[in-house]
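A.B. asks: Predicted structure and sequence below. I'll ask about it afterward.
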Amino acid sequence: MADFPLLTTLILLPVLGAAVIALLPRGRGELVRPVGITVMTAVAGMSAWMLTQFDLHDAGFQFTSLHPWIKDVGISWHLGIDGISLFLVVLTAVLFPIALLGVVPHHDAKSYTAWLLLLEAGCIGVFCALDLFLFFVFFEIVLVPMYFLIGGWGYGERIYAATKFFIFTMAGSAFMLVGVVATAWLHHRAGHPLTFDLVQIGEAQDIATNSARWLFVSFAVAFAVKVPLFPVHTWLPDAHTQAPTAGSVILAGVMLKLGTYGFLRFGLYLFPEAAVWAAPAMVTLGVVGIVYGAIVAAVQKDLKRLVAYSSVAHLGFIVLGTFALTTQGLTGGVLQMVNHGISTGALFLLVGMIYDRRHTRMIAELKGLQRPAPVLAGVFTVVMLSSIGLPVLNGFVGEYLILIGSFVTRRWWTVVAATGVILAAVYLLWAYQRVFHGTPDEANASMPDMVWSERLVMAPLLAAIVFLGVYPKPVLDRIEPAVDRLVAHVEQHSDFHQPVTGRIPQARAAGEHE
Amino acid sequence: MLEHAWVIPAITFTSFWLILFFGRRLPKGGSEIGILAVGSTLVLSCVMVAQWVGRAKTLAVGHGEEIEHIRGPVDNTVRWFTSGQFRVRVGTHVDGLTVVMLFTVALISFLVHVFSTNYMEGDRRFTHYFASLSLFTTGMYVLVTASTTLAALFGWELMGLCSFMLIGHWWEEKPNSNAALKAFFTTRTGDIGLLVGISILFWAAGGTFDIAKINQAALSGQISHTVLVVAACALLAAVIGKSAQFPLHTWLPDAMAGPTPVSALIHAATMVVAGVYLLARVYGVFWVGFHIPDGGFNFVAAVGATTIVIAAVLAFVQRDIKKVLAYSTISQLGYMVMALGVGAWTAAIFHLFTHAMFKALLFLGSGSVSHSVHSFDMVDDMGGLRKPMPKTFATFMVGSLALAGLFPLAGFWSKDEILLGAGENGYKVFMIVGLVGAFMTAMYMTRCVYLTFFGEYRGHGHPHESPLPILGPLYVLTVFSVGAGLLNAPFTHEWFGKLIENETFFHAGVATHDFSVPDALISTVVVLAAIGIGYLLFFQGKLPRGVTARQPLARVGYTFLANRYYLDHIYTGGVVGGISGPIARAAYWFNQNVLDGIVNGVAIVAKKFADWQYKYIDQGAIDGTVNGSGHGAEGLGGFFRTIQTGRVQQYGALLFGATALLALALVLTV
C-alpha cells in the first residue's frame, strides 16, 4: 500500500465526483446528494486511514508523490504532508461532508454540490502542495467555487460580498504570484537549476537577505488577506454573513487556514530570516486583531456577523503563536487552526439552524430560545465554551499553548492578548444571554428544537471538541516533530534562538521517609 | 483512598451526566442521583480525613536542629501532554488542607442538596438544577485536589461556568440573567491575572506547573523577587475577582438572584473561597513576593482589610436579608485574605472552615424564612417570625452569634486567631481594623435578627415553620457552628492546625501563636458592646429617627452607601458601557467607514478605470480585430455573465496585468 498515491487520490476523487454530478442527466436530480455524500465520505474515510498510517516519528514529508509537470521550468506535481498539514487535511475532509449533510440547498442542488466538491479538492490541494506553482494554482482555484457559492446561494447582498471577497483575495494573490515567480527566478540565479520545488528552495536558502525580505512581504500580503489580518479583514464579515451556511462553515473552518498555513509553510520555511525580521510587525497585527475583532464583535446586531468577527480575533491568536517562533506557540497555533475550524464551523451551523427556523439572524429579534429549544441551547453552550477557551474543551489547549509559547518571546503582546480571552467571553456570553435567555415572545416560543438528523451532524463536532480538550496528546505528538523541525530550520538560518527555560529546580529539599 | 482522590470529583462528574440524561425519567427528577453521589463523596472525604490523621509516612521539614516530621503529602499525577519543554502533568495532591477542604465542600454540598429537594420542588428546571449542582461541586473538588496550577485552573473555570448557570437559573427574568453574566465577567476579568500568573510561574520555576515545586522554588530564592512580585500581583487579581474582594466584589450581592441554596453553596464552601484557597495553596509566592514575614504593611493584607470595612458598612443599609448576608460574606472573606496577608495561615483556613458552617446555616435559614413568607425583604415582609418559626429562629440565632464571634461559638475561635496573628506578626493596624470589623459584624447582625424575627409581622399571609428536609440541614449546621471552633482551641491542642499544616507552611516558617486570654477578652468585649449598642439602637428604637433627612452630611453618606460607593456605576457605565458603547462603536465605525471606505473607494476607482479601458481600449481598439472570431467566446462568456455582475474577470485581469509588470520589474532589477 505504500506506493498508493493517497494524496493525489484525495484531491482527484472530489474532482471526479464533481464531474459525475455535472454529467448526471437532468431528470436524475435525486442522485446528486447521494453521489456527493458518498464521495465526501470516501475522502473522509481515506483521510482517517491516512491518520492511522502517519508515522509520528518522521518529521519530514510523508505520502509524497512527485511527478514532473512542466519540465522546462521545473514545475512538478509534488505533494506531501507533515504534522503541520496532516490535521488540516483531516479537518477539511471531515468538515465538508458535515457541511453538505447539515445544509440542504434551497435551489439547484446539482451545481451546489459540484462546486462544493471542487472546493474540497482545492482545499486539500493547498495543504498538500509542495511546489510553489502548484500551491499557487490550488490557492487560486478555491476562489472560484467559493465565489459561485456565495453569489449563487447566499443571502441579501451576496453579489457585493462575493465580489469583495474575490477582489480582496485576488489582489493578495497577485502579490503572491510575483513572489512565486521571483522566488524561483532568484533561486535559479543563485546557481541552481530552475525549479518551483518548495523543499529544494527552502533547504538551499540561497536568496539574498534583502530580496528574501521583499519576497516574504509579497507572500505575507496574500496570506494576510486570507487569514484575515487587521486591517485587510473587512471582506470577511460580509462574505460570512451573506454566504450560505455551508459556505460559512467551509470559509471559516478551512479557507481561513490557507492563510495561517501559508505563513508556516511558505513564510517561515522559505524565508526564515525574513520571518524573524518581520515577527514584531506580525505579532502586533495579530494582537491588534485579537482585541479589535473582539471589541467589534461585541456590538454586532447580526449573530452571523458576530461569529465572523470572532474569527478575526481567533485567527489573531494563531498569528501570534506562529510568529512567537517557539515550539509551544507554533504547536498551539496549528492545534488552534483545527480547533477554530471545529468550533466556528459548529457555530455557523447552529446560527444557520436558527436562521432556517426563525428567518432572522438579528439578535434583537431572538429571545428566550432556551425554552423552546433546550437541546439547541445546550449544544450552543458547549460550542460557545469551546470558542471561549474553557479548560477541558479544545479551545483551551491551543489558546494556552499559544499564550505560554509567546510569553517567553513576546511578553507584553501576550499580556494584551490575554485580555482577548476575557473579551471572547464578553461578546459570546452576552449574545447567548440575549438570544437564549429571557421570556420568549410568540414567534420565538414556537421555534422547533434540533431534529435527530441535525443532532447527528453536530455529534462528531461535539465529540471532537471534548476529545481534543481532554486528550490532546495524540494530536500534539503528531504536530510537534514537524514544528520542532521548522523551528530548528528557522534557528539555523537566522540569528533567532528559542529561549531555553532556566534551571530546573532540584528535587524537593527534604526527602520522604517511611 | 488518599492516592485515589480523583475518585471524588469523578463521582460527582458522573452524577452530572447521569442527571442530565436520565434525571427527568426518575421519580425524584434526578435529585436522588445527586444526593447519592454527593453523599458518597462525603463518606469518602471522612475516610480521607481519618486516613490522613492516621498517616504514618512522614516528611522531614526544616533545617539543622529544627527538623520536624510532618505527614507527607500524597501525590498522584499523570502526564497530560507534552510540547517541547512544556510538560503538562495533571493529578492530585492530597495533604491536610486538601482533606479538610474536601470534607467542608462535601458536607455543605450534601446539606444544600437535601435542602434543595424541598426548596426547589416544582421548579421548571428541577433536573437541570441538580445537574448543575453536581458539576459545581465537581469544580470545587477538582480545585482542592489539584496538584498543578493548570488542574486548579480547570476547577476554577468550571465553577465560573456553573455559577453562570446557577445564578441565572431563572433566566426568564432579565435581572437574574444579568447577575449571572456579571458574575462570570467579573471573575473572568480576574482570571487574566490567573492565566498570566500561572504562565510566569511556569517559566520562573523551571518549566513546571507543580504547585509544590513552585512553592519550593519561591521559598528557596530560586526565583528573582521581581518575578515573584509580578506573579503574586497577577494571582492576587484572580483572588480579588473570585473571592469578591474590593474593588471587584460587586458581583457577589447581585449573585443573590440565584436560588437561595445556591447562594449558600457559593458563599460557604465553593466559588468565593476558591480565591482564598488558591492564595493559601501557592502561599510561598505571596510569602516571599509581598514580604509577608516582615510585618508592617503589605498589599494582600490591605486588600483584605479594606474589604472587611467597606463591605460591613454596606451590610447596614440593606433591606434584603440575603444581601446582608452577601455583604457579610464579602467582609468575612476579607478576614481570610487579611489573615493570609499578615501571615496567619492556619487562622485563615480555620476561619474558612468555621465560616462555611455558620454562613451556610444563615443562608439556608434565610431560605427557610423566605420559603415561608415568599420574600427576602426584611423591612416590608418580615418581623416577629420567632413565634411562627421557632426552630428556624433558634438556628439562625446560633448562626448569627457564631458569625458575630461570641464565645464559645465557632466564629469566636477563628476570628480571635486572625486578630492574634495580626497583632503578634507586627501588623497592629490590621488587628485594629479586624476589631472594628468585628464590632460592625455584631451590630449589623443584631439589626438583621431584629428586623427578621422580632417586632411585629409586617408581611402577608400566615408564616409557618418549614418541613424537615429544610430544618434537618439547619440542625446539622447548628451543631457545627457551635462545635467547629473547639477543634482548634487550646484544650484540643490545636488539633485542626496540626491537621492542616503542610510543607509550604514549614518551609516558609509561618509563625504560630498560643491562645491569649487578654486578646480574647478584648474581642469579646468589643462584640458584646456592639450587640448592646445594636440592641439599644434597633430593639429599643433609640436610633435617632430621620437623621438622614435633617443632616445633609448624613444624607450624603447614606446616598453614597445606598449606591454602593458608585462602583457599579463606574463598572457598568464606565468600563462595560465604554467598551460596549463608544469604544466598540468607534471601532466599528472605523471599520465600516475608514477601512471599508478605502476598499470601496479603490473598487470605484478600479471600476471607473475598467469602464474607461473597456470603452476606449477594449471595445475601440482591440475589439475591432477580434470581432470576427469573438462569437464563439461570447456564447461561453454569456453563461458566466448571467451569474456574476461584478465584472470580476476585468478586475482580475487588471490586477494580474499590473502585477505581472511588477514581477518583471522586480526580477530584472534585483
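C.D. replies: Perfect, thanks for sending it. Numbers count the residues shown, from 1 in each chain, chains lettered A, B, ... in the order given.

A.B. asks: low-confidence ranges in the chain?
C.D. replies: Just going to use chain A. A:1-3, A:500-514 (pLDDT under 70).

A.B. asks: try again with chain B
C.D. replies: Ranges of chain B meeting pLDDT under 70: B:56, B:61-67, B:84-86, B:541-603, B:606-670.

A.B. asks: mind listing what the most centrally placed residue in chain B touches?
C.D. replies: Among the residues of chain B, the one closest to the centroid is B:K242, at 2.9 Å (C-alpha atoms, centre = their mean). B:K242 makes contact with B:W156, B:G160, B:T187, B:G190, B:M271, B:V272, B:A274, B:G275, B:L278, according to C-beta atoms under 8 Å, 6 or more residues apart in numbering or on different chains. (C-beta placed from N, C-alpha, C; glycine too.)

A.B. asks: Any chance of these in TSV with secondary structure, neighbour count and distance to chain A as columns?
C.D. replies: Conversion of the contacts of B:K242 to TSV gives the following (DSSP: H, G, I helix; E, B strand; the rest coil; neighbours: other C-beta atoms under 10 Å in any protein chain shown; distance: C-beta to the nearest C-beta, whole Å):
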residue	secondary structure	neighbour count	distance to chain A
B:W156	helix	27	8
B:G160	helix	24	8
B:T187	helix	29	10
B:G190	helix	25	9
B:M271	coil	29	16
B:V272	helix	28	19
B:A274	helix	26	14
B:G275	helix	26	17
B:L278	helix	26	15
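
A.B. asks: quick one: B:I500 and B:L102 touch, right?
C.D. replies: No - applying C-beta atoms under 8 Å, one finds B:I500 not in contact with B:L102, separated by 11.9 Å.

A.B. asks: Neighbour count: those two, which is higher?
C.D. replies: B:L102 (26 against 22; other C-beta atoms under 10 Å in any protein chain shown).

A.B. asks: Determine if any part of the host helix or strand of A:A246 is in contact with chain B.
C.D. replies: In the assignment (DSSP states H and E), A:A246 maps to helix A:245-250. No - using C-beta under 8 Å from any C-beta of the partner chain, helix A:245-250 stays clear of chain B, with a minimum separation of 14.9 Å.

A.B. asks: now what about that helix, what contacts it?
C.D. replies: A:95-96, A:98-100, A:102-103, A:105, A:116, A:119, A:123, A:146, A:149-150, A:153-154, A:240, A:304, A:308, A:345, A:348-349, A:351-352, A:355.

A.B. asks: Just give me how far the helix or strand that it is followed by sits from the chain centre.
C.D. replies: As assigned by DSSP H and E, the chain's next helix or strand after helix A:245-250 is helix A:256-262. With C-alpha atoms, centre = their mean, to the nearest Å as the basis, helix A:256-262 stands 6 Å off its chain's centre.

A.B. asks: tell me what the helix or strand following helix A:256-262 is packed against?
C.D. replies: Downstream of helix A:256-262, the first helix or strand assigned by DSSP H and E is helix A:272-298. Applying 3 or more C-beta pairs under 8 Å, 6 or more residues apart in numbering or on different chains; DSSP states H and E, one finds that helix A:272-298 contacts helix A:209-226, helix A:303-324, helix A:411-436, helix A:473-492, helix B:584-589.

A.B. asks: Could you see whether chain B lies near the second one?
C.D. replies: No - for helix A:303-324, no contact with chain B is found by C-beta under 8 Å from any C-beta; the gap never falls below 8.9 Å.

A.B. asks: Run the angle between that helix and helix A:209-226 for me.
C.D. replies: 160 degrees (axes from the mean of the first three to the mean of the last three C-alpha atoms, to 10 degrees).

A.B. asks: For the following helix or strand past helix A:303-324, buried residues please.
C.D. replies: Downstream of helix A:303-324, the next assigned helix or strand under DSSP H and E is helix A:327-358. Judged by neighbour count using 16 or more other C-beta atoms under 10 Å in any protein chain shown, the buried positions of helix A:327-358 are A:327-355, A:357-358.

A.B. asks: Give me the subset of these that also touch chain B.
C.D. replies: Within the buried residues of helix A:327-358, those near chain B by C-beta under 8 Å from any C-beta are A:T327, A:Q328, A:T331, A:G332.

A.B. asks: Looking at those residues, which two lie furthest apart in space?
C.D. replies: Of all pairs drawn from those, the widest gap by C-beta to C-beta lies between A:T327 and A:G332 and measures 9.3 Å.

A.B. asks: so what sits against both of these two?
C.D. replies: A:G405, B:S83.

A.B. asks: A:V379 reaches A:M353, doesn't it?
C.D. replies: No - in this structure A:V379 lies outside contact range of A:M353 using C-beta under 8 Å: 9.3 Å.

A.B. asks: Find the residues that touch each one of those two.
C.D. replies: Shared contacts of A:V379 and A:M353, counting by C-beta under 8 Å, 6+ apart, come down to A:M450.

A.B. asks: do you know how far the residue nearest to the centre of chain B is from chain A?
C.D. replies: Per C-beta to the nearest C-beta, to the nearest Å, B:K242 is found 14 Å from chain A.

A.B. asks: for the closest residue to that residue other than its chain neighbours, what are its contacts?
C.D. replies: Of all residues not flanking B:K242 in the chain, B:G275 sits nearest, at 3.8 Å (C-beta to C-beta, 6 or more residues apart in numbering or on different chains). B:G275 makes contacts with B:G190, B:A238, B:V239, B:I240, B:G241, B:K242, B:S243, B:A244, B:Q245, B:L333, B:V337, as judged by C-beta under 8 Å, 6+ apart.
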